[in-house]
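> Quick one, fold the following:
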Amino acid sequence: MEATARARELMPKVLPSSPSVALFKDGALVYALERRHIERMNANEIAGELVKAFSQHCTRQGPSVSSDVYGQVVHARQCGSQIPSFRG
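I've put the predicted structure just below:
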């Protein structure tokens, strides 16, 4: 199953939007920051919301995986936007 489809399956009450941020704890959605919220905020406000959500829901001392497992993670950066990048 595609990751996006799986995420939507886990968040039936959250409308699909991009960008958005979801925070899961023990497999359950505990926080969602949707595009409709993000559009009304500046970068500092978004950062503050995320800090507040993590402070509220992420209470265990990390890291949550061993350094060996984390070392195998392949980080990817991409954007689903269809708007062309500004090159000027």
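> could you point out the longest helix in the chain?
helix 43-57 (DSSP state H).
> Can you mark which positions in the following helix or strand past that helix are buried?
Remark: after helix 43-57, the chain's next helix or strand is helix 67-71, criterion DSSP states H and E. Buried residues in helix 67-71, counted by 16 or more other Cβ atoms under 10 Å: none are found. Placement of C-beta: from N, CA and C, glycine included.
> Now helix 67-71 - C-alpha only, CSV.
Output in CSV follows, covering the C-alpha atoms of helix 67-71 (Å, rounded to 0.1, in the frame of the first residue of the first chain):
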residue,chain,number,x,y,z
SER,A,67,21.5,4.2,16.4
ASP,A,68,22.0,1.2,14.2
VAL,A,69,18.5,1.3,13.0
TYR,A,70,18.6,5.1,12.6
GLY,A,71,21.8,4.8,10.6
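> what does it contact?
With contact meaning Cβ atoms under 8 Å, 6 or more residues apart in numbering, helix 67-71 is reached by P63.
> Please work out the average pLDDT along that helix.
Over the span of helix 67-71, the pLDDT mean works out to 83.
> Just give me how far that helix sits from the chain centre.
Here helix 67-71 is found 21 Å from its chain centre; the criterion is Cα atoms, centre = their mean, to the nearest Å.
> Kindly report the same for stretch 10-30.
8 Å.
> cool, and stretch 64-73?
Distance of stretch 64-73 from its chain centroid, counting by Cα atoms, centre = their mean, is 19 Å.
> likewise stretch 3-11?
Using Cα atoms, centre = their mean, the offset of stretch 3-11 from its chain centre is 12 Å.
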